[in-house]
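Q: For reference, the sequence and a predicted model appear below.
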Amino acid sequence: MSEAALLWVNNIDVFYENLQVLWDVSLEVRSGEMVAIAGANGAGKSTLLKTISGLMHPARGIINFNGQEITRLPAYEIVSLGISHAPEGRKPFPEMTVLQNLMIGSYNQKARSCRKENLEKVYEIFPLLKKRKNQLAKTLSGGEQQMLVIGRGLMSNPRILIIDEMSLGLSPIFVRELFLVLHNIKTQGISILLVEQNVWQTLHEADRAYIMETGRIVLSGNARDLCEEEEVRNAYFGT
Amino acid sequence: MGESLEALATPITMGILYGGLYVVIALGLSLVFGVMKVINVAHGDFVILGSYFAYVVLTSRGVDPILSLGVGIPLFFILGVLVQRLLLYRAFKMSTDAALIIAFGISLIIQNAAQLAWTPMSKSLQTSYSFESYQVGQVYIPLVYLLDFIVAVIVVVVVHQFLQRSYLGQAITAASQDRQTAELMGINPATVYQHAFGIAIALAAVAGVFLGLTFPFNPISGVPFLIIAFGVIILGGLGSMAGTFIGGMIFGLSQSLGGHFWGPTGQLLVPFVMVLVILTIRPQGLFGR
């Protein structure tokens, strides 16, 4: 474990009932870093995120966050430590308004005291959300919902923001804009952990990356370097 | 039509008014179903338990049933929290089916305990205002029926405000829309279940008092009210407050009109045929999403 690691996942094995889906997975995210986990559908990326945020627990291995072991903590406690997970499929609360969705993002005790400042920050990043604040979340477009879910994640005052499949179903131009936002968030000292099927773009945006295949991490390193790797090019870019 | 509109005015008014009672019962049932996805089949029995609570306080201490809610509401809230924590939640962690069976067991226990304690004979809550009524034109409105409606309005407004504005209410709302994502927001599902169940049982106490003021009750009266509340929820659309309110009114209305035209057999037949018809046209219920 390197000194600066904020999140440190160490050799975890994860099962769905009796079916093993993650094998000996290790990963770290340092402060202020954007890290991507890329790989095909079914590689275990979302399971890894769920295990980090406490929705699932590993059978073996350790997860540390900010110097504290969080391996067995339930999800609702982990979020108050500073891990914010925007789940797969976006999932705003559909029958709640945009504002209510943002407010529920700051439900944990630690975030409640700074909910006003955080709300202002989120409105600054996504002015559209302010315009739509009294609309039900289900009436937003896919892109707007993704903004809402990122904003909701920021409301919990995170030290690391985890986003699962941000770009799925969104136009490339819009995805580019979202990445600009993420870079902006990063400069405020919030680390970002992304899961993407869109390997090419992700590797060009992230600082470091892990490539997963069938429940294992097969490659890792500097994202730019990975773009040049023979294996990655063959498997994902077809060149 | 040989019948004049004046003759129908009374059953129409009465039906809408006591439909309020169904609204309050249905609200508790749908609150629990919303978060746990378990139908609390003991809900009707908790309502009748509420009637007996008011009966005991009335006959032993002479306290007015409505005033007794000052104690009844917190007491039933605590009862609900305990039942949830000690019984239902343990089964729920295994499966929702296990929780359903536990709820069924609770229902049987309440019914039989009530028979032991209060005999199978019907009771009612007799007060000084039990037979009071107001005349508006051709229509006589019994006071207790009017109270059923007023209470429904109050309960719907209060519960709606609670769900929309408080931290806990928003947590319950979020958990009923997406349990896993709610947990990612820092919401402890066990806390949400406990409070939702506590509130539902407190609402059962409220419903029980007004049921006892309106109709006679016995240890197994809860069953038909559970079925009616279920019909109301289906009619109005699950998870919709406005739907539950309108659903209760429609159910009461069709029940009293059914009784007016076809006698006692029509009383339950008509509203349930109504439920079937609405389900055929709008499977998600009138206000369902």
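A: Received, thanks.

Q: For chain A, give me its nearest residue in the stretch 101-250 of chain B.
A: Closest approach between the stretch 101-250 of chain B and chain A, counting by Cβ to the nearest Cβ: B:G186, at 3.3 Å. Placement of C-beta: from N, CA and C, glycine included.

Q: quick one, what contacts the closest residue to that residue other than its chain neighbours?
A: Take B:G186 and drop its neighbours on the chain: the residue closest to it by Cβ to Cβ, 6 or more residues apart in numbering or on different chains is A:N108, 3.3 Å away. A:N108 makes contact with A:Y76, A:V79, A:S80, A:S156, B:M185, B:G186, according to Cβ atoms under 8 Å, 6 or more residues apart in numbering or on different chains.

Q: at 10 Å instead, please
A: Taking Cβ atoms under 10 Å, 6 or more residues apart in numbering or on different chains, we find A:N108 in contact with A:76-82, A:84, A:155-157, B:185-187.

Q: which among those end up buried?
A: Neighbour-count burial (16 or more other Cβ atoms under 10 Å in any protein chain shown) applied to these gives A:76, A:78-82, A:84, A:155-157, B:185-187.

Q: And the furthest pair within the residues you listed?
A: The distance between the two most remote of the buried ones among the contacts of A:N108 (Cβ to Cβ) is 16.9 Å, for A:G82 and B:I187.

Q: got the contact list for the residue nearest to B:Y145 when sequence neighbours are not counted?
A: Closest residue to B:Y145 apart from its sequence neighbours, by Cβ to Cβ, 6+ apart: B:L17 at 4.1 Å. Contacts for B:L17 were tallied using Cβ under 10 Å, 6+ apart; they are B:141-142, B:144-150, B:152, B:214, B:249, B:252-253, B:256.

Q: Just the buried ones from those?
A: Buried, going by 16+ other Cβ under 10 Å: B:141-142, B:144-149, B:152, B:214, B:249, B:252-253, B:256, out of the contacts of B:L17.

Q: Spell out which helix or strand contains residue 163, please.
A: All of this is about chain A. Using DSSP states H and E, the element containing A:I163 is strand A:160-164.

Q: To clarify, I was referring to chain B.
A: Judged by DSSP H and E, B:L163 forms part of helix B:143-165.

Q: likewise A:I63?
A: Going by DSSP H and E, A:I63 is in strand A:60-65.

Q: Identify all contacting residues around that strand.
A: A:1, A:5-15, A:22, A:24-29, A:51-54, A:57, A:69-73, A:78, A:81-83, A:159-160.

Q: show me the contacts for residue 11.
A: All of this is about chain A. Residues in contact with A:N11, defined by Cβ under 10 Å, 6+ apart, are A:W23, A:D24, A:V25, A:S26, A:P58, A:R60, A:G61, A:I62.

Q: oops, chain B please
A: With contact taken as Cβ under 10 Å, 6+ apart, B:P11 is in contact with B:V139, B:L253, B:Q255, B:S256, B:L257, B:G258, B:G259, B:H260, B:F261.

Q: need the strands for chain A, in chain order.
A: Taking DSSP state E as the test, the strands found in chain A are A:5-16, A:19-30, A:34-39, A:60-65, A:68-69, A:83-86, A:160-164, A:191-196, A:208-213, A:216-222.

Q: and among these, the most buried is which?
A: Mean neighbour count (mean count of other Cβ atoms under 10 Å in any protein chain shown) peaks for strand A:83-86 among these, with a mean of 28.

Q: Name the residue closest to the centre of chain B, please.
A: Most central in chain B under Cα atoms, centre = their mean is B:I25, positioned 0.4 Å from the mean C-alpha point.

Q: To clarify, my last question referred to chain A.
A: For chain A, A:I162 is the residue whose C-alpha lies nearest the centre (Cα atoms, centre = their mean; 1.8 Å).

Q: residues in contact with that one?
A: A:I162 sits next to A:7, A:29, A:35, A:37, A:48-50, A:52-53, A:83-87, A:153, A:191-195, B:184 when contact means Cβ under 10 Å, 6+ apart.

Q: Let me know the pLDDT of it.
A: If you check A:I162, the pLDDT there is 97.

Q: Run through the chain and note the low-pLDDT ranges.
A: The chain I'm using is chain A. Where chain A drops to pLDDT under 70, the residues are A:1-3, A:237-239.

Q: I was after chain B.
A: Judged by pLDDT under 70, chain B has its weakly predicted residues at B:1-3, B:289.

Q: Could you rerun that using 50?
A: Within chain B, the segments meeting pLDDT under 50 span B:1-2.

Q: what's the nearest residue to B:L253 if we skip its chain neighbours?
A: B:G15 (3.9 Å).

Q: and the one you found, what helix or strand is that in?
A: Using DSSP H and E, B:G15 sits within helix B:5-36.

Q: Flag every buried residue along that helix.
A: Residues of helix B:5-36 classed as buried: B:8, B:11-36 (neighbour count, 16+ other Cβ under 10 Å).

Q: now swap in stretch B:235-245 and tell me
A: Buried residues in stretch B:235-245, defined by neighbour count with 16+ other Cβ under 10 Å: B:L235, B:G236, B:G237, B:L238, B:G239, B:S240, B:M241, B:G243, B:T244, B:F245.

Q: related to what we said a few turns ago, which phi and psi values does the residue nearest to B:G186 adopt?
A: Note on A:N108: backbone dihedrals following degrees, to the nearest 10 are phi -70, psi 140.

Q: Closest residue of chain A to chain B?
A: Residue of chain A nearest chain B, by Cβ to the nearest Cβ: A:N108 (3.3 Å).

Q: Helices along the stretch 151-289 of chain B, start to end?
A: Applying DSSP state H, counting those that start in this stretch to the stretch 151-289 of chain B gives helices spanning B:167-177, B:179-184, B:189-214, B:222-236, B:241-262, B:264-281.

Q: Could you list the domains of chain A?
A: Per the record, chain A has its domains at A:1-82+A:159-239, A:89-157, by automatic domain parsing.

Q: For B:P271, find the nearest of the ones you listed.
A: For B:P271, the closest of those is domain A:89-157, at 27.4 Å, according to Cβ to Cβ.

Q: just the residues of chain B that are near chain A, which are they?
A: Proximity of chain B to chain A, by Cβ under 10 Å from any Cβ of the partner chain, involves residues B:164-165, B:167-168, B:170-171, B:173-178, B:180-192, B:239-240, B:289.

Q: what distance separates the top helix by length along chain A from the middle of the whole chain?
A: Across chain A, the helix with the greatest residue count (assigned by DSSP state H) is helix A:172-187. What separates the centre of helix A:172-187 from the centre of its chain is 13 Å, taken as Cα atoms, centre = their mean, to the nearest Å.

Q: One more: stretch A:53-63?
A: Computed by Cα atoms, centre = their mean, the chain-centroid distance of stretch A:53-63 equals 16 Å.

Q: how far out from the middle of the chain is stretch B:60-68?
A: Between the centre of stretch B:60-68 and the centre of its host chain there is 21 Å, according to Cα atoms, centre = their mean.

Q: who touches it?
A: Contact with stretch B:60-68 is made by B:50-51, B:53-58, B:70-72, B:75, B:125-129, B:147, B:151, B:205-206, B:208-210, B:212-213, as judged by Cβ under 10 Å, 6+ apart.

Q: make it 8 Å
A: B:F53, B:A54, B:Y55, B:V57, B:L58, B:L125, B:T127, B:L147, B:V209, B:G212, B:L213.

Q: Show me which of the residues you listed is closest to B:L268.
A: Closest approach to B:L268 among these (Cβ to Cβ): B:G212, at 20.2 Å.

Q: Next up, the contacts around that closest one.
A: B:G212 makes contacts with B:G50, B:S51, B:A54, B:Y55, B:P65, B:K123, B:S124, B:L125, as judged by Cβ under 8 Å, 6+ apart.

Q: I'd like those as a markdown table, with secondary structure, distance to B:V159 and neighbour count appended.
A: Below are the contacts of B:G212 laid out as a markdown table (DSSP: H, G, I helix; E, B strand; the rest coil; distance: Cβ to Cβ, whole Å; neighbours: other Cβ atoms under 10 Å in any protein chain shown):
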| residue | secondary structure | distance to B:V159 | neighbour count |
| --- | --- | --- | --- |
| B:G50 | helix | 17 | 32 |
| B:S51 | helix | 21 | 30 |
| B:A54 | helix | 21 | 26 |
| B:Y55 | helix | 25 | 21 |
| B:P65 | helix | 21 | 22 |
| B:K123 | strand | 28 | 21 |
| B:S124 | coil | 27 | 16 |
| B:L125 | coil | 24 | 27 |
